[in-house]
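Peer 1: Below: sequence and its predicted model.
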Amino acid sequence: MSGSDQSIADFLSSVLPVPGNSRPADEGLQRPLVTLTFAQSLDGKIAGKGGKQLILSGRESMLMTHWMRTKHDAILVGIGTALNDDPQLNSRHIPEDERPSHLPRPVILDANLRLRPGCKLLKNYQERKGRRPWVICDTNLSLDDVGRKYTLENAGARVIGVPSVDDLLKVLYNFGIKTLMVEGGATVIGSFLGESARAKPNAIIDTLIITIAPTLIGDDGVSYGEGLSAAQVPSLKHIRTEVMGRDVVVVSALE
């Protein structure tokens, strides 16, 4: 492992929670340990106009994100991110000779099953380059939704009906997901933050890791805090701040 990779590994080991070592308030909860992470601009934007993908992370912080993925059982994104970015949710930026064999499970929140059957996640699974994606939808599907469900299943997806975020975490835990990395987008980030504030002291986020890039996006950018009132924003305690290349990575935990 190179010096930079070892430095990233040491950083992640110091900030990520370990299954079995949860907070006292979490004792008895049947849910994964959740890391909420994303990159933002200096003015708090995570995407461009209309949700267009922005490459905010520099090389070092992007490498950290890919190492972080290998530390989790699954990675969750919303359907907006899946449609706008067509992500692969793998660890391809880690040098091949250093890349761990573990691949996290892709999980997509997709209430009405809008995921494209030809997306990279499903292509990677079909070509044995990635794990089978799990697509989380509403429990009550329309006839059109049922048709899309069959199409996605024929393309390789596992489609799971779940009524709420609380139920989602229980279902994932029962399916063997003990550590979950939530990458966004804005709606998903806001939902997890708001649900954590509502459910305290039993919040559903264990670690918040934000990469701050030295750039400004402006009014056309998409932020993640819109629609959250002061009562819906959880209290945070600072864990660590690290400079990675041109970016600053801030780690917090929920109080």
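Peer 2: On my side now, so go ahead.

Peer 1: can you pull the contacts of His110?
Peer 2: One thing to correct before we go on: residue 110 is Asp, not His. By Cβ atoms under 8 Å, 6 or more residues apart in numbering, the contact list for Asp110 reads Gly78, Ile79, Ala82, Val135, Ile136, Cys137. (Glycine included, C-beta is placed from N, CA and C.)

Peer 1: In strands only, show me those residues.
Peer 2: Residues of those located in strands (DSSP state E): Gly78, Val135, Ile136, Cys137.

Peer 1: Looking at the residues you listed, which one is closest to Val159?
Peer 2: Nearest to Val159 among these, counting by Cβ to Cβ, is Val135 at 4.9 Å.

Peer 1: State the distance from that closest one to Leu115.
Peer 2: Distance of Val135 to Leu115, computed by Cβ to Cβ, to the nearest Å: 6 Å.

Peer 1: Please enumerate the shared neighbours of these two.
Peer 2: With Cβ under 8 Å, 6+ apart, Val135 and Leu115 have common neighbours Ile108, Leu152, Ala157.

Peer 1: ok, of these, which one's closest to Gly225?
Peer 2: Taking Cβ to Cβ as the measure, Gly225 sits nearest to Ile108 out of the shared contacts of Val135 and Leu115, at 22.7 Å.

Peer 1: could you measure the nearest residue to Gln88 once chain neighbours are set aside against Leu83, distance?
Peer 2: Once flanking residues are discounted, Gln88 sits nearest to Lys120: 5.0 Å by Cβ to Cβ, 6 or more residues apart in numbering. Going from Lys120 to Leu83 by Cβ to Cβ gives 12 Å.

Peer 1: try Thr179
Peer 2: Thr179 sits 26 Å away from Leu83, going by Cβ to Cβ.

Peer 1: can you check Thr37 too?
Peer 2: Relative to Leu83, Thr37 is positioned 20 Å away (Cβ to Cβ).

Peer 1: Check Ala74 too.
Peer 2: 20 Å.

Peer 1: Counting neighbours, go ahead and name the busier of these two.
Peer 2: Using other Cβ atoms under 10 Å as the criterion, Ala74 and Leu83 rank with Ala74 on top: 22 against 16.

Peer 1: Look up the closest residue to the more buried one, ignoring the ones flanking it.
Peer 2: Once flanking residues are discounted, Ala74 sits nearest to Arg105: 3.9 Å by Cβ to Cβ, 6+ apart.

Peer 1: count of neighbours near the one you found?
Peer 2: Neighbour tally, Arg105, other Cβ under 10 Å: 21.

Peer 1: Check the one 10 residues further on too.
Peer 2: Neighbour count for Leu115, taken as other Cβ under 10 Å: 23.

Peer 1: In contact with it: list those residues for me.
Peer 2: Counted by Cβ under 8 Å, 6+ apart, Leu115 has contacts Ile79, Ala82, Leu83, Ile108, Leu121, Leu122, Pro133, Val135, Leu152, Ala157.

Peer 1: Name the helix or strand for the fourth one, please.
Peer 2: The reference is to Ile108. Following DSSP states H and E, one finds Ile108 within strand 105-109.

Peer 1: avg pLDDT for the strand or helix carrying Leu169?
Peer 2: Using DSSP H and E, Leu169 sits within helix 165-174. The average of the pLDDT scores along helix 165-174 is 89.

Peer 1: Okay, angle between it and strand 105-109 too, please.
Peer 2: If you take axes from the mean of the first three to the mean of the last three Cα atoms, to 10 degrees, helix 165-174 sits at 160 degrees to strand 105-109.

Peer 1: Can you name every helix or strand that helix 165-174 contacts?
Peer 2: Helix 165-174 is packed against helix 186-199, with contacts defined by 3 or more Cβ pairs under 8 Å, 6 or more residues apart in numbering; DSSP states H and E.

Peer 1: And the helix it packs on, what's buried?
Peer 2: Ala186, Thr187, Val188, Ile189, Gly190, Ser191, Phe192, Leu193, Gly194, Glu195, Ser196, Ala197 (16 or more other Cβ atoms under 10 Å).
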